[in-house]
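1. Have a look; sequence and predicted model below, questions after that.
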Amino acid sequence: MLKRSDPQRPVLKTAAEIAAMRRAGQVVAEALRLARSMVQPGVTARQIDQAVEDLFRRRGALPLFKGYPGKVPFPAVTCISFNEQVVHGIPSDRPIRSGDLVKIDTACRLDGWCADAAICVPVGEVSPDIVRLVRVAEEALAIAIREIGRKAFWSEVAALMEQHVHAQGFSMVEKYVGHGIGRAMHEPPQVPNFTSRDMRRHDCRLQPGLVLAIEPMVNMGRKDVVELPDKWTVITRDRLPSAHVEHTVALTEQGPLVLTAD
Ligand code: MG
């Protein structure tokens, strides 16, 4: 009898392929460094988006978000999400203000290989709770990067990320998950930032050659999110702030390697 192929089976990469993905990752890292430097009161998200688009063009990289299919094609090369916006914010002419929490997510393809990453930047004077929210999201990502080199299955990593977030009194968004990445931006397996019964049936063995876009989304309040009528922007249902950070990470014979490291 034919066994149904595992929908979670990853497309494993060779060392040479991972090196090529790292070159794409370095362009994403450069784009996010530029974006971070522009996050200042008075600057608009659209200006940041334009600067990233120009950088990708100069580097010969293809932006992967612009035109991404959804209910309407995504209109920009970055997702820029403010405060209670979780992910998929559309860059607009709203100026950045002191006290904002700005999340910038972008991805490109270079020489046939993709990379995807996101940063979370507090602007000026923000509340101590927001500082802690950002720190906990970054710690959850750091835990995942460290533990994929130690654990046998992704579910064990997800459990540690989730525990860290819950211990701080925050919640993990469950509607959106991390993903395999390679020649395509979204490949199997899906890598949720939380555990569930379903996940134990669709777990992923951690093995050399695996490349994942790991992206915890941490809410200050409840985990529930809603999509705005623009068909893209996702916000927290309780309108409390949310943090999102992401790296493209390869698991090599020598351990985890962050391909989008700054
Ligand atoms: Mg991603």
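-> Structure received. Residues are numbered from 1 along each chain as shown.
2. Just the endpoints, please. Distance across stretch 246-261?
-> This stretch, stretch 246-261, spans 10 Å end to end (CA to CA, to the nearest Å).
3. and A115, that's in a helix?
-> No - using DSSP: H, G, I helix; E, B strand; the rest coil, the secondary structure at A115 is strand, not a helix.
4. can you pull the contacts of the one residue in the stretch 1-150 of the chain that gets nearest to the ion?
-> With CB to the ion as the measure, D116 is the residue of the stretch 1-150 of the chain nearest to the ion, at 4.1 Å. Where C-beta positions appear, they are placed from N, C-alpha and C, glycine not excepted. Neighbouring residues of D116 by CB atoms under 8 Å, 6 or more residues apart in numbering: V28, L64, D105, T106, A107, I181, M185, A213, E215, E246, T248, T260.
5. Taking the residues you listed together, which two end up most distant?
-> Of all pairs drawn from these, the widest gap by CB to CB lies between L64 and E215 and measures 14.4 Å.
6. separation between G169 and the ion?
-> Applying CB to the ion, to the nearest Å, the value for G169 to the ion is 26 Å.
7. I misspoke; the intended subject was V165.
-> 18 Å.
8. Please give the three-state secondary structure assignment for that residue.
-> Assignment for V165 (three-state DSSP): helix.
9. what about the strands in the stretch 1-150 of the chain?
-> Remark: strands assigned in the stretch 1-150 of the chain by DSSP state E, counting those that start in this stretch are 62-63, 78-82, 85-87, 101-110, 113-122.
10. is it possible to export the ones you listed to TSV including mean pLDDT?
-> Formatted as TSV, the strands of the stretch 1-150 of the chain follow (pLDDT from 0 to 100):
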stretch	mean pLDDT
strand 62-63	98
strand 78-82	98
strand 85-87	98
strand 101-110	98
strand 113-122	98
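11. what residue ranges in the stretch 101-250 of the chain are flagged as low confidence?
-> 200 (pLDDT under 70).
12. interface residues of it facing the ion?
-> Contacts of the stretch 101-250 of the chain with the ion, taken as CB under 5 Å from the ion, map to D116, A213.
13. ok, which stretches of the stretch 101-250 of the chain are helices?
-> 128-147, 154-167, 197-201 (DSSP state H, counting those that start in this stretch).
14. got those as a markdown table, with mean neighbour count columns?
-> Output for the helices of the stretch 101-250 of the chain, formatted as a markdown table (neighbours: other CB atoms under 10 Å):
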| stretch | mean neighbour count |
| --- | --- |
| helix 128-147 | 19 |
| helix 154-167 | 20 |
| helix 197-201 | 10 |
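15. Columns distance to L55 on top of those helices, output as a markdown table?
-> Formatted as a markdown table, the helices of the stretch 101-250 of the chain follow (distance: least, CB to CB, whole Å):
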| stretch | distance to L55 |
| --- | --- |
| helix 128-147 | 23 |
| helix 154-167 | 31 |
| helix 197-201 | 37 |
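16. residues in contact with A152?
-> R205, L206.
17. does Q8 really touch D203, like I thought?
-> Yes - using CB atoms under 8 Å, Q8 is in contact with D203, at 7.3 Å.
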